[in-house]
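Fold the following for me, if possible:
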Amino acid sequence: MTPFSKLASLLTGASGVGSEGLMSYLQNTGFLLMEPGNAVMILLGLAMIYLAIRKNYEPLLLIPIGFGVVAGNMPYNPDLMPIGYLDVLGGQESVFRLFYYGVKSGLFPPLVFLGIGAMTDFSALLSNPKLLLLGAAAQIGIFVTLIGSLLLGFDLKQAASIGIIGGADGPTAIFLASQLAPGMLGAIAIAAYSYMGLVPVLQPPVMRLLTIRKERLIRMKPARRVSQTEKILFPIVSFIVTSFVAPGAISLLGMLFFGNLLKESGVTRRLAESAQGALNNIVVIILGFSVGTSTQARYFLTLDSIKIFALGAFSFVVATMGGVLLAKFMNLFLKEENKINPLIGSAGVSAVPIAAHVSEIIGREYDPKNHLLMHAMAPNVAGVIGSAIAAGVLLSVVGK
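Numbers count the residues shown, from 1 in each chain. Here you go, the predicted model:
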């Protein structure tokens, strides 16, 4: 008897099972196992895919995460399926859960930092080192949000993981949450990446509110030329210094500066291209998809998740304010020719290079010939370092 005849026999009752076999099949399809929470999460995943494709909001991350959300919330009967649970947080072994091990173990975020380092040019920061302070100031969003999380009832580890959203750095948020609050990782990761994509929406109102027209028209003097020797020494010296300051961030900072050294050394071009190309793409795909599959409705659709999203928006606003206000304060002590356009202070959040582009766009609204992009890249890349240091400090203080 062929497989098709067996199926026909089952459905028509010739096998003795009849309508009972058909009903058994139907009861184990996704149509009958679908719960309202699964439907909501699937719609959320589809919305993320839509925003990535139509609005170009972080497509390289939102598409893998969005599709992972859909896959992680497809209903089925785990007692009958040999593939194992899709519940990557506490189920049986499955392909999805094996992928998720790279997130849970903290493996994927450092590999992403390797790619970021290989793609990053620190010349703007080296040419004007004082702009490093703007990147540091933007990290105030992390610590203010941490306090707000505590006031809303989260414990210290959860609050630290939520606070890191203010750093506007998805891999850093995933890294810290995986170590301190793995049960909240899905909500924290999606909040972090969603708000990174919404930087062009969230930041401009804050930038305009905190600056006056005269400040927005400030033209900064051209950056000086940075030597190759400086570019090579920077990742080495920076890694040593930051590792002493925040040992908890060694895995992130080590891979960031290692990737940058591969780029700037001039003798490891193939390795740098692999780090920023094929390797980074593979890791981003698996990381995003794995994070998405961790957002099962029973874990994600909670009051805590709503609080996390609200705190995430708050943290981005505070981080933007921190960078802009410090730039204004620094101008009180700088000569006229050295003044900083406060609009680049918003780029202190480490959403690279989106935040720097926002500074450029807002600046050109008031002076079409005033190009702030290269200046804004200095606090932008400083924000990447700052958020990793903040994560390392939090991990050292509140970790095990």
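
State the mean pLDDT of the strand or helix carrying P171.
In this assignment (DSSP states H and E), P171 forms part of helix 170-180. Per-residue pLDDT values over helix 170-180 give a mean of 90.

who touches that helix?
61, 103-106, 108-110, 112-113, 116, 157-158, 160-161, 164-165, 167, 184-185, 188-189, 192-193, 196, 251-252, 287, 291, 350, 387-388, 391, 394-395, 398-399 (C-beta atoms under 8 Å, 6 or more residues apart in numbering). Quick note: C-beta positions are derived from backbone N, CA and C, even for glycine.

Out of the residues you listed, which end up buried?
61, 103-104, 108-110, 112-113, 116, 157-158, 160-161, 164-165, 167, 184-185, 188-189, 192-193, 196, 251-252, 287, 291, 350, 387-388, 391, 394-395, 398 (16 or more other C-beta atoms under 10 Å).

Out of those, which sit inside helices?
When those are checked against helices using DSSP state H, the ones located there are 61, 103-104, 108-110, 112-113, 116, 157-158, 160-161, 185, 188-189, 192-193, 196, 251-252, 287, 291, 387-388, 391, 394-395, 398.

Wait, N341 touches E215, no?
Yes - using C-beta atoms under 8 Å, N341 makes contact with E215 at a distance of 6.9 Å.

who's more crowded, the two?
More neighbours surround N341 than the other of N341 and E215, with 23 against 18 (other C-beta atoms under 10 Å).

Mind pulling up the pLDDT for the nearest residue to the more buried one once chain neighbours are set aside?
In space, N341 comes closest to I218 once its chain neighbours are excluded; the distance is 4.1 Å by C-beta to C-beta, 6 or more residues apart in numbering. According to the model's per-residue confidence, I218 sits at a pLDDT of 95.

Kindly report the same for P3.
P3 carries a pLDDT score of 51 in this model.

same deal with N77?
Reported pLDDT for N77: 64.

repeat for L301
85.

What of T12?
The per-residue pLDDT of T12 was computed as 49.

got it, and Y195?
Confidence per residue is given as pLDDT, and for Y195 that number is 80.

when you give positions from now on, start the count at 41
Sure, I'll start numbering at 41, so the last one becomes Y235.

which SSE is M81 in?
Using DSSP H and E, M81 sits in helix 76-94.

Run through the neighbouring helices and strands of that helix.
Here helix 76-94 touches helix 99-112, helix 225-237, helix 337-340, going by 3 or more C-beta pairs under 8 Å, 6 or more residues apart in numbering; DSSP states H and E.

switch to 7 Å and redo it
Applying 3 or more C-beta pairs under 7 Å, 6 or more residues apart in numbering; DSSP states H and E, we find helix 76-94 packed against helix 99-112, helix 337-340.

And the contacts of the shortest one?
When you say that, I think you mean helix 337-340. The set of residues external to helix 337-340 that reach it, using C-beta atoms under 7 Å, 6 or more residues apart in numbering, is E75, G77, N78, V80, M81, N113, L129, G223, G226, A227.

for the first one, same thing?
Helix 99-112 has contacts (C-beta under 7 Å, 6+ apart) with 81-82, 84-86, 88-89, 91-93, 126, 210, 230, 233, 237, 324-325, 328-336.

and that helix with helix 76-94, angle?
For helix 99-112 and helix 76-94, the angle between their directions (axes from the mean of the first three to the mean of the last three C-alpha atoms, to 10 degrees) works out to 160 degrees.

Give me the buried subset of the contacts of helix 99-112.
Neighbour counting over those (16+ other C-beta under 10 Å) leaves 81-82, 84-85, 88-89, 91-92, 126, 210, 230, 233, 237, 324-325, 328-336 as the buried ones.

sorry, back to before: in what element of secondary structure is the residue nearest to N381 found?
With DSSP H and E as the criterion, I258 is inside neither a helix nor a strand.

So for whatever helix or strand R137 lives in, what gets flagged as buried?
When elements are defined using DSSP H and E, R137 is found to belong to helix 135-144. Using 16+ other C-beta under 10 Å as the burial criterion, the residues of helix 135-144 that qualify are F136, R137, F139, Y140, G142, V143, K144.

mind exporting it as PDB, just the C-alpha atoms?
What follows is helix 135-144, C-alpha atoms only, in PDB (Å, rounded to 0.1, in the frame of the first residue of the first chain):
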ATOM      1  CA  VAL A 135      17.400  23.100  16.700                       C
ATOM      2  CA  PHE A 136      16.000  26.400  17.800                       C
ATOM      3  CA  ARG A 137      17.300  25.900  21.400                       C
ATOM      4  CA  LEU A 138      20.700  24.900  20.100                       C
ATOM      5  CA  PHE A 139      20.800  28.200  18.200                       C
ATOM      6  CA  TYR A 140      19.800  30.000  21.300                       C
ATOM      7  CA  TYR A 141      22.700  28.600  23.200                       C
ATOM      8  CA  GLY A 142      24.900  31.100  21.400                       C
ATOM      9  CA  VAL A 143      22.800  33.900  22.900                       C
ATOM     10  CA  LYS A 144      22.500  32.400  26.400                       C
END
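
residues contacting G403?
Residues counted as contacts of G403 (C-beta under 7 Å, 6+ apart) are R256, N381, L383, N410, L412.

Now secondary structure and distance to G175 too, for those residues, in TSV please.
Written out in TSV, the entries for the contacts of G403 read as follows (DSSP: H, G, I helix; E, B strand; the rest coil; distance: C-beta to C-beta, whole Å):
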residue	secondary structure	distance to G175
R256	helix	20
N381	coil	15
L383	helix	15
N410	coil	21
L412	coil	15
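
sorry, back to before: between the buried residues of helix 135-144, which is closest to E377?
Of all the buried residues of helix 135-144, the one with the least separation from E377 (C-beta to C-beta) is V143, at 48.1 Å.

which one is the closest one nearest to, not counting chain neighbours?
With sequence-adjacent residues excluded and distances taken as C-beta to C-beta, 6+ apart, V143 is closest to S330, at 5.0 Å.

Tell me who's in contact with the one you found.
Under the criterion of C-beta under 7 Å, 6+ apart, the contact partners of S330 comprise G108, F139, Y140, G142, V143.

Can you report how many residues lie near F369?
Here the neighbour count serves as a burial measure; for F369 (other C-beta under 10 Å) it reads 14.

Which helix or strand contains it?
F369 belongs to helix 343-371 when assigned by DSSP H and E.
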